[in-house]
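S.K.: coords please:
(3 chains)
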Amino acid sequence: MSAPLLQVEDLSKRFGGFTALDAINLEVGAGARLGLIGPNGSGKSTLVNCLCGTLRNETGTVRFEGAVMDGLAAHERTRLGMARSFQLPRPFGSLTVAENLRIPLLYTVNIRRGHHVPRTEIEAREAELLGLVGLAGKARQRPRDLSQVEMRKLELARAMAAEPKLLIADEAMAGLSHAEVDDILALLRRLNEAGITIILIEHIMRAVMSFSDRLVVLVAGRKIADGMPDEVMRNPEVEKAYLGE
Amino acid sequence: MRSRAFFFAALATAAIVFEGLRFLENEYLFFAGYVVLQYVVLATAWNILGGYTGYVNFGTAAFFALGAYTSVALGKLTSLPIPAMMLAGGVISGVVGLGMGYLTLRLRGVFFAIATLALAVVVQTLITNWDFVGGSRGAYTVRPALVPLLGSYVQYLFLIMLALAVIALAIAHAIEGSRLGYGFATILDDEAAAEASGVPTLRLKLVATTLSGALMGMAGAPLPYYVTYLDPASGFNLAYAVNSIAMPLIGGMTSWVGPLIGALLLGSIQQVATVSNWFGGHPEVNLLIVGVLLILFVIAAPNGIVGLLGARVGRSWRR
Amino acid sequence: MLWDPQLLLNAIVSGLLLGGFYAVVTVGVSISFGMLDIVNIAHPAFIMLGSYLAYLLNSTFGLDPILSSLIMLPAFFLLGALVYQIYYVAFERRGQESLRGLAFFFGLLFISEVGLILTFGVDYRFVDARYIGPSLHLGFLDFPLRMLIPCAVSLALLGALQLYLSRTFLGRAIAAVSQDPLALRLMAANPTRVKRIAFALSIATASIAGALLIIIQPVEPSMARDYIGRVFAICVLGGMGSFAGTLIAAMLLGVVENITSTFYGPSWSPAVAFGFLLLTLAFRPAGILGR
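M.R.: Residues are numbered from 1 along each chain as shown, chains lettered A, B, ... in the order given. Below you'll find the predicted structure:
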């Protein structure tokens, strides 16, 4: 395997006296399907925030495609190819659903290409993305008119609109029906087959188990397991962490 | 292009207004109209930062007065025409806006707002202690005798401010339909999500602050020629800060229409109140009314008059 | 730069006394902004209200200003509760506190200044009290009573508030409400009610601060604006919500301001506080970012 797409070395994050992440080490190869699981409060979203630049980690280094990410603002990391959806959806409330998808097209994709994306292509891409997540009829509505589930789909679509190399989906499937979960899984698999590396953070175990080719478990800010899904789930520490869940 | 069409429509409207006032042959209308137009510029400028990105500027007076005092200083050293002084005032205020933004825009919006208050006081103190522009005693400015083609100097000043108002409105309108406008909207809605989508939030905020400050400085540049005597107390008058917040808020902050409506409405009311000697001629009552309206609207009608009229003026042209 | 040492020491002393007073001016904002995250930039307006009421009671009935401020305490408390209720219903509940809340308090600040101008005019007002002329002398050091007594009262008030916040149930609830409203609810305390009491408390301190202000110096309506800078500079510099930090920052500001005023003239002193604030915000954001 060539050099990993994402390298995390000794990453720690503290909030005052509270250690949210403790010396996390992680490598993700290009084209991987990584599942990231752990109890609530274990630091999964904090890790995502540190990877993407929304938060600054105190120690440790994040390398993306070999380049050090420290000091780069979140928008620069997105332009380099990292995209994420937020665990609690954060849509742009004053814009329509379609316009929400326009933002990454205007500020990430066209920067990367070096020229403006033509209006027709923007509109086509918006329609395509909305169709992929099942929001086709809602293009002109406002986020506040969407259900929670629909907002999560919008979150995912917005991350996809940035045409990332690495897509981090943070609990994108919470609240979805069985069939909807399958739809999103199929979508993520298609994206992966097209070359996008995916980190899936989920509580829905069947989704994680069927999707991931590798599983990482975080508990209380520490990585306690990293390997093939079946092996990880048989790990006694992991069992202990999930007892009572 | 819609922006060009808008600009020419605004220009045509302005020309009609100007000729209409000349026809009425009442010099006072130009005198009062200048103040109302000045507020159109200030309100529009404030809204580019406050309404579009959500960052509140309490220090309008600082940027405005810097423009005015740049003219005072330049007037003593050179005999530049007013448009040139406006450019100078715009540059100085724009640079100050940039600098202040750079220092404080990384912080929460609340701290930016407080810092703008601080800026206003610091700049006022500096100018009050600068004797070259008159310090606390004030400075006198001599108007040139006559202006060719127009005759009346006040009409000339009115025309200049009218032109600046057209420019300010055209800029605000152009922003709204553009990529920059989208970027501003994301900053207003959710900065972290904006950054995650690739929007360079700090850079855009600096653009907004610089542009807003520059326009305010340009609005202040002709002031010494309008009042002929300028002292810090009047240059930094609280009325500028309050009106430049109240007018967009009452008119509606989501589009260029709001500050225009707010400025025309509130500006005219204040001019009429001053002239008609309502409330026994206490100029402060004007401001009291503006303040009360500000509070009422911010509590009960947060989207201003534009919002009350139910118009989706804010975003309709993007379709 | 030759500074007369006696003048310097006296400037430092009166700066420290002034700082004590600044601390009690700021403590209200330490509560509303530091603990409740409400940007009440109108706090100095409530202080001016306190000053003018003290003036009225003093000139009409000859009441001692500190005494009258204590009498007015319940009224200020109720006023604070009312203001919070409006703020809560109009903004906090809707999640729109940032811009509209700021505009709301700015409007209040502004209306109060204009209202005071219309009612009392722009002339300076002052109170008569026996301790406003004389000074204590310690060698060449002067301790003007009109500054010493407010400083003493300020320290007492700060101490009392600190005790209240750390010892009583309600006080600790106030300290907790900003950190964990859910836990507070589980302890059978309504967060909204607790916040309302805390805000009312912060406005009540304005009553006393106002009386102390008019003892220290004559007042006129536009002074509120100068105090905004001082208050937030001290709050930010002192670490929001910490009374000890507030006191230290207040005294530091008082001393620097006083030295500037003594050696470079009083017209520079408003800029000192604001300059402090700008510098702190610009170069020491570590404790402030992302709160």
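S.K.: can you map out the helices along chain A?
M.R.: With DSSP state H, the ranges of helices along chain A come out as A:44-52, A:74-80, A:97-104, A:110-113, A:119-133, A:148-161, A:178-193, A:205-211, A:229-234, A:236-242.
S.K.: my guess is residue C:225 meets residue C:45, correct?
M.R.: No. Here residue C:225 does not reach residue C:45: they are 9.3 Å apart, not a contact under C-beta atoms under 8 Å. (Glycine included, C-beta is placed from N, CA and C.)
S.K.: which residues do these two both contact?
M.R.: Both residue C:225 and residue C:45 are in contact with C:109, C:113, where contact means C-beta atoms under 8 Å, 6 or more residues apart in numbering or on different chains.
S.K.: the more surrounded of the two?
M.R.: Per other C-beta atoms under 10 Å in any protein chain shown, whichever of residue C:225 and residue C:45 has more neighbours is residue C:45, with 25 against 22.
S.K.: which helices and strands sit right next to the worst-scoring helix or strand of chain A on mean pLDDT?
M.R.: Taking mean pLDDT, DSSP states H and E as the measure, helix A:236-242 is the helix or strand of chain A with the lowest mean score, a mean of 81. Applying 3 or more C-beta pairs under 8 Å, 6 or more residues apart in numbering or on different chains; DSSP states H and E, one finds that helix A:236-242 makes contact with strand A:214-219, strand A:222-227.
S.K.: could you give the angle of the first one to helix A:44-52?
M.R.: So the one you mean is strand A:214-219. Going by axes from the mean of the first three to the mean of the last three C-alpha atoms, to 10 degrees, strand A:214-219 is angled at 120 degrees with respect to helix A:44-52.
S.K.: Need the contact partners of strand A:214-219.
M.R.: A:24, A:26, A:32-39, A:42-44, A:47, A:208, A:223-229, A:232-233, A:235, A:237-238, A:241.
S.K.: ok, 6 Å please
M.R.: With contact meaning C-beta atoms under 6 Å, 6 or more residues apart in numbering or on different chains, strand A:214-219 is reached by A:34-38, A:42-44, A:224-226, A:229, A:232, A:238, A:241.
S.K.: Just the pLDDT for the residue of chain A found nearest chain B.
M.R.: Taking C-beta to the nearest C-beta, chain B has its nearest neighbour within chain A at residue A:108, 3.3 Å off. According to the prediction, residue A:108 has pLDDT 94.
S.K.: near chain B, which residues of the stretch 101-250 of chain C show up?
M.R.: Counting by C-beta under 6 Å from any C-beta of the partner chain, the residues of the stretch 101-250 of chain C close to chain B are C:102-104, C:107, C:110-111, C:114, C:117-118, C:228-229, C:232.
S.K.: Would you mind listing which of the residues you listed are buried?
M.R.: C:102-104, C:107, C:110-111, C:114, C:117, C:228-229, C:232 (16 or more other C-beta atoms under 10 Å in any protein chain shown).
S.K.: Out of those residues, name the ones that lie in helices.
M.R.: Judged by DSSP H, the subset of those located in helices is C:102-104, C:107, C:110-111, C:114, C:117, C:228-229, C:232.
S.K.: related to what we said a few turns ago, quick one: closest of the helices and strands packed on helix A:236-242 to residue B:264.
M.R.: Nearest of these to residue B:264, taken as C-beta to C-beta: strand A:214-219 at 58.5 Å.
S.K.: in its sheet, what does the closest one sit against?
M.R.: strand A:33-37 (parallel), strand A:222-227 (antiparallel) (DSSP bridges).
S.K.: before we move on, back to that, residues in contact with the nearest residue to the residue of chain A closest to chain B once chain neighbours are set aside?
M.R.: Spatial nearest neighbour of residue A:108, chain neighbours left out: residue B:198 (3.3 Å); criterion: C-beta to C-beta, 6 or more residues apart in numbering or on different chains. With contact set as C-beta under 6 Å, 6+ apart, residue B:198 has these partners: A:75, A:78-79, A:104, A:107-108.
S.K.: so the residue of chain A closest to chain B sits right up against residue A:78, yeah?
M.R.: Yes. Between residue A:108 and residue A:78 there is a contact under C-beta atoms under 6 Å: 5.5 Å.
S.K.: any residues in contact with both of the two?
M.R.: Common neighbours of residue A:108 and residue A:78, using C-beta under 6 Å, 6+ apart, are A:162, B:198.
S.K.: neighbour count winner among these two?
M.R.: Counting neighbours by other C-beta under 10 Å for residue A:108 and for residue A:78 shows that residue A:78 has the greater number, 27 against 24.
S.K.: Not counting its neighbours along the chain, what's nearest the more buried one?
M.R.: residue B:198 (4.4 Å).
S.K.: Tell me which residues are up against stretch A:120-136.
M.R.: So stretch A:120-136 is contacted by A:98, A:101, A:105, A:139, A:153, A:156-157, A:160-161, A:187 (C-beta under 6 Å, 6+ apart).
S.K.: Which of the residues you listed sits closest to residue A:14?
M.R.: Among those, and counting by C-beta to C-beta, the member closest to residue A:14 is residue A:156, at 30.2 Å.
S.K.: Report the contact partners of the closest one.
M.R.: Contacts of residue A:156 (C-beta under 6 Å, 6+ apart): A:85, A:133, A:172.
S.K.: How about the contacts made by the last one?
M.R.: Applying C-beta under 6 Å, 6+ apart, one finds that residue A:172 lies in contact with A:85, A:152, A:156.
S.K.: Following element in sequence after the host helix or strand of residue C:247, please.
M.R.: If you go by DSSP states H and E, residue C:247 is part of helix C:243-264. Next helix or strand after helix C:243-264 toward the C-terminus (DSSP H and E): helix C:269-283.
S.K.: mind pulling up the phi and psi values for the residue in chain B that chain A sits nearest to?
M.R.: Nearest residue of chain B to chain A, counting by C-beta to the nearest C-beta: residue B:198, 3.3 Å away. In terms of degrees, to the nearest 10, the main-chain angles of residue B:198 are phi 100, psi 0.
S.K.: State the pLDDT value of it.
M.R.: Per-residue confidence at residue B:198 stands at 95 (pLDDT).
S.K.: before we move on, what about residue C:135?
M.R.: You'll see residue C:135 listed with a pLDDT of 81.
S.K.: Next, count neighbours for it.
M.R.: Around residue C:135 sit 14 other residues, with neighbours defined as other C-beta under 10 Å.
S.K.: pLDDT below threshold where in the chain?
M.R.: Because you didn't say which chain, this covers chain A. Residue ranges of chain A with pLDDT under 70: A:1-2, A:243-245.
S.K.: not quite, I wanted chain C
M.R.: By pLDDT under 70, the low-scoring segments of chain C are C:1-2, C:93-97, C:178-184, C:187-188, C:241, C:284-291.
S.K.: distance between the helix or strand residue B:112 falls within and the chain's centre?
M.R.: Assessed by DSSP H and E, residue B:112 sits inside helix B:109-128. Relative to its parent chain, helix B:109-128 has a centroid offset of 17 Å by C-alpha atoms, centre = their mean, to the nearest Å.
S.K.: Contacts for that helix, please.
M.R.: Contacts for helix B:109-128 (C-beta under 6 Å, 6+ apart): B:55-59, B:61-62, B:69, B:100, B:104-105, B:135-136, B:232, B:236, C:39, C:98, C:102, C:228-229, C:232, C:270-271, C:274, C:277-278, C:281.
S.K.: Only whichever of these are buried, select them in ChimeraX.
M.R.: Remark: buried members of the contacts of helix B:109-128, expressed as a ChimeraX selection using 16+ other C-beta under 10 Å:
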select /B:55,56,57,58,59,61,62,69,100,104,105,232,236 /C:39,98,102,228,229,232,270,271,274,277,278,281
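S.K.: Close to chain A: what parts of the stretch 101-250 of chain B are there?
M.R.: Counting by C-beta under 6 Å from any C-beta, the stretch 101-250 of chain B comes close to chain A at B:179, B:185-186, B:189-190, B:192-193, B:195-200.
S.K.: ok, those vs chain C, which is closest?
M.R.: Closest approach to chain C among these (C-beta to the nearest C-beta): residue B:192, at 9.9 Å.
S.K.: who in chain A is up against chain B?
M.R.: Contact residues, chain A versus chain B (C-beta under 6 Å from any C-beta): A:54, A:74-75, A:78-79, A:90, A:92-95, A:103-104, A:106-108.
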